[in-house]
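Participant: predicted model, plus sequence, below.
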Amino acid sequence: MTRSVPQSVADAVALLHRHAAVLRVEAPVPADADTFRVEIFVEVELPSRAKPEGVSSSGVKSQELVVLDFDSDWPAAAPSIGLRKDFPRCFPHVDPYTIGDYVRPCVYNGSVSDLMHREGLDKIIDQIVGWLNKAAADNLVNPRQGWEPTRRDQLAGTIVFDADRMVQLVRPDGKPVQLPAVYTGLNEYRRFAIASYPERHPETWFTYDQKRDKFGRWFNGFTSAFLVGATHVNGAAPIADAYEPETVGSLADLGAKATQYGMDGAALLQALETFFVASQKAAKTFGWMGEFFSAVIMAVQRPLPLISAHGRSVELLPYVVMHSPLTSTKFQTHTKVEPAFHMQSLTPQVLRSMSGTTTANTAQSMIFLGCGSLGSKVSLHLARAGFGNQSFVDNDVFNPHNAARHALLERPEAKLFSIKSMLMQSALQELGHAPLVALYEDAASVLQSDKAFRAVVPSDTSLIVDATASLQVAEAACISHPLTSFEGRYVRTAMLGQGSACFLALEGPGRSVRVDDLLASLYGLCRYDPAQRARMAGKDADPERVFVGENCSSATTVMTDSVVSRSAALVAAQLERWFQRGFPACGALGIGVEDASGIGMQWTTRMHDATTVLRTESDGGWELRILANVVVTITADVQQWRPKETGGALVGHVYPWRRCIVIADVVDAPLDSKRSPGRFVLGVDGLEDAVRDVHRDTLGHVHLIGTWHSHPGGGPLSPTDFSTLNKIAMDGQGLPVVSLVWTPSGFLCEVQTTKLTG
């Protein structure tokens with residue numbers, strides 16, 4: 001029974017008839033049960049010297065057959081494209097195909113189906129004709145695009161290696177370099193992985209092991225790969241500028257091809273034979289259960305950088321040598337050799353290429369303090385983007401329950417105690433990075449010891465990332481002597497409110513803005529942003545006790561892995577942006593707040609200019625830190641009321657154990673306040689309620705710490721100022737109270753504490 005032509009195929013045929021470059025369209029015929037084949041003949045523009053003969057020197061005819069196969073996916077998918085079966089094989093931009101099948105031109109750099117849906121079937125025909133015109137003129141290689149890698153039509157498997165590293169290992173004298181390799185395979189498929197640093201591996205001879213199951217024959221073992229390049233002439237490798245199809249099928253072909261490229265083909269074959277014989281002796285056998293495998297990589301210098309090789313002009317051609325010693329103990333030159341597919345091994349360059357960070361300085365060194373759930377995820381986000389120059393400090397071990405939301409998993413073969421910092425180091429090594437160090441150390445101790453800090457933090461470290469979520473570590477950072485001379489930047493990150501909020505606090509250069517300043521600002525912003533306040537408060541301020549064993553428990557905040565990952569992704573994205581665009585020349589506070597859906601997060605970044613630091617010897621000595629926004633607010637108020645004195649209340653946070661007060665904000669003077677050129681009297685109408693509101697709205701972190709007023713004409717604190725300070729201190733319930741005075745030449749301050757008795 002004759003199959004009827006689908007209407008969609010008939011419509012395509014009608015369109016082909018109308019195309020200007022199509023000379024003839026044959027009727028659709030069934031190619032198989034699901035496919036209709038349409039043969040068309042298109043007109044090709046030949047070079048003028050070839051027109052009389054009707055064929056170019058490269059073998060392209062003035063009228064070429066094009067085969068279009070419309071299968072069951074048409075019109076959702078474009079037809080497959082073929083050229084006559086005897087079309088010349090010497091051209092680049094031809095997709096791999098089976099010998100005897102139609103030649104498959106690569107006519108578009110992308111999805112042909114997407115091209116069709118965007119611009120129509122006509123556009124595909126335009127691309128085919130354009131490809132044939134270029135083939136006729138022998139200019140399919142576009143210098144701006146780069147050199148097309150040699151096409152491998154039939155592959156023996158995949159060989160994984162670092163291409164850039166292989167180029168570095170090539171010997172200029174043309175002699176082969178032996179590299180350790182491992183291989184795995186299933187039936188006829190093989191996969192090799194070649195070591196990039198042979199000096200790290202002992203000499204390896206061929207081994208073979210196999211098993212069978214319902215999928216077939218599985219095999220694996222160790223072997224060697226042989227890397228060879230052309231002998232240098234006048235200090236450089238000769239350039240192979242002719243595009244040729246792959247022709248290697250045996251050892252003899254392999255040696256001839258190596259010689260053609262200017263390599264020492266005889267030395268290559270001798271190295272393969274030596275490895276074969278030595279492996280037999282090492283194994284004390286003349287036969288294996290399967291083939292004897294080895295690999296060869298030829299490094300060929302091309303005239304142009306290869307397409308998608310990031311400037312590399314050396315093409316690496318991999319082959320698999322397959323010799324079966326079951327039938328002969330001798331090394332035979334007719335042994336089968338098949339081309340293989342190169343798969344780039346996992347390297348930082350690959351990670352950068354996939355992440356779009358190739359222009360960033362990904363070599364910048366960073367230290368992670370804390371390798372818990374948030375820190376581990378931030379670290380690996382950065383590492384996968386190519387920022388792998390990381391070291392780790394953590395004094396905790398990985399326990400089974402950590403797997404609920406940690407970036408890593410505990411491996412069954414690991415030692416009894418899996419140290420988190422070392423697990424992180426291992427993970428980055430698996431990504432191709434080489435971390436500096438992993439230490440089982442307390443982060444607070446490292447920050448407080450000059451010796452420990454120097455041992456852990458190299459002088460070229462760009463960033464210290466504190467992901468401990470420990471208030472003890474935060475305090476250690478604030479009083480850290482080593483950090484005062486640290487030339488890099490310190491940043492602290494943590495989640496709040498059961499993961500509903502997170503922050504990233506970047507200190508300013510030279511600690512011009514410190515982490516305690518940024519934390520005061522973080523909580524101070526809750527005063528003005530109810531959504532941030534609600535998310536930071538969360539549903540329950542106390543951590544839950546989770547039982548991790550029959551008789552032990554852990555105090556932790558219960559949340560899912562996805563919640564941690566949400567915050568980690570935002571924190572890592574901000575760090576990546578700073579690494580790529582440069583860190584701000586000030587402090588910065590990034591805040592992520594869960595949106596109304598409970599799924600997404602809104603991220604904002606606020607810049608913080610340098611904190612004003614005052615020190616007073618009164619009351620035993622105190623450090624006062626005035627946030628930049630407070631200075632701006634006070635200065636604006638002074639200018640508004642000048643020449644009268646003005647003032648208001650100060651709110652902030654007190655760290656009594658290190659005698660530090662951070663002034664985070666001001667409370668406007670009540671309406672009953674009195675201003676005159678010689679005196680300011682702070683009113684009381686509504687002040688107490690306003691201060692209580694600040695304390696509540698900042699989740700208890702910010703509270704009343706004193707008052708400020710101005711001396712527009714300058715001068716020190718007056719006796720009246722001291723009297724007022726004493727009165728306020730008497731009401732301070734033992735907390736230190738600040739009197740801050742603005743003068744044209746700068747701020748003055750005093751602190752007083754009235755000790756509670758009784």
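Facilitator: Structure's in. What do you need? Quantities reported herein were computed from a predicted structural model and do not represent experimental measurements.
Participant: show me the shaky parts of this structure.
Facilitator: The chain contains residues with pLDDT under 70 at 1, 153, 198-203, 285-290, 324-334, 411-417, 540-557, 729, 731-734, 755-758.
Participant: output the contacting helices and strands for the longest helix seen in it.
Facilitator: For the chain, the longest helix by residue count, based on DSSP state H, is helix 561-581. Secondary-structure packing of helix 561-581 (3 or more C-beta pairs under 8 Å, 6 or more residues apart in numbering; DSSP states H and E): helix 373-384, strand 489-496, strand 501-506, strand 587-594, strand 601-608. Backbone N, C-alpha and C define where each C-beta goes, glycine included.
Participant: buried stuff in it?
Facilitator: 563-576, 578-579 (16 or more other C-beta atoms under 10 Å).
Participant: contact partners of it?
Facilitator: For helix 561-581, contacts defined as C-beta atoms under 8 Å, 6 or more residues apart in numbering pick out 357, 359-362, 364, 373-374, 377-378, 381-382, 385, 387, 404-405, 463, 465, 491, 493, 495, 498-499, 502, 504, 506, 584, 590, 592, 601, 603, 605.
Participant: equivalent analysis for stretch 35-55, please.
Facilitator: Contact with stretch 35-55 is made by 5-6, 9, 12-13, 16, 21-31, 56-57, 60-72, 79, 125, 128-129, 132-133, 136-137, as judged by C-beta under 8 Å, 6+ apart.
Participant: and the residue nearest to Thr698 when sequence neighbours are not counted, how far from Leu316?
Facilitator: Using C-beta to C-beta, 6 or more residues apart in numbering and skipping the chain neighbours, the partner closest in space to Thr698 is Tyr523 (4.5 Å). According to C-beta to C-beta, to the nearest Å, Tyr523 and Leu316 sit 57 Å apart.
Participant: nearest to Lys85 among the buried residues of helix 561-581?
Facilitator: Of all those, the one sitting nearest Lys85 is Glu576; the distance, using C-beta to C-beta, is 50.8 Å.
Participant: hmm, back to that, between the helices and strands packed on helix 561-581, which one is nearest to Lys674?
Facilitator: strand 601-608 (33.7 Å).
Participant: report the angle between the closest one and helix 561-581.
Facilitator: 40 degrees (axes from the mean of the first three to the mean of the last three C-alpha atoms, to 10 degrees).
Participant: which stretches of the stretch 151-300 of the chain form strands?
Facilitator: Secondary structure of the stretch 151-300 of the chain by DSSP state E, counting those that start in this stretch: the strands cover 157-161, 177-186, 189-194, 209-213, 216-229, 292-301.
Participant: partner strands of the second one, with direction?
Facilitator: Using DSSP bridges, the strands paired with strand 177-186 are strand 189-194 (antiparallel), strand 216-229 (antiparallel).
Participant: what's the burial count for the residue nearest to Gln178 when sequence neighbours are not counted?
Facilitator: Leaving out its chain neighbours, the residue that sits closest to Gln178 by C-beta to C-beta, 6+ apart is Ser224, at 5.2 Å. Neighbour count of Ser224, defined by other C-beta atoms under 10 Å: 24.
Participant: which residues touch Ser224?
Facilitator: Listed by C-beta under 8 Å, 6+ apart, the contact set of Ser224 reads 178-181, 204-206, 275, 294-295.
Participant: tell me who's in contact with the nearest residue to Asp264 once chain neighbours are set aside.
Facilitator: Leaving aside its sequence neighbours, Asp264 sits nearest to Gly174 (C-beta to C-beta, 6+ apart; 4.1 Å). Gly174 makes contacts with 228-232, 262-264, 267, as judged by C-beta under 8 Å, 6+ apart.
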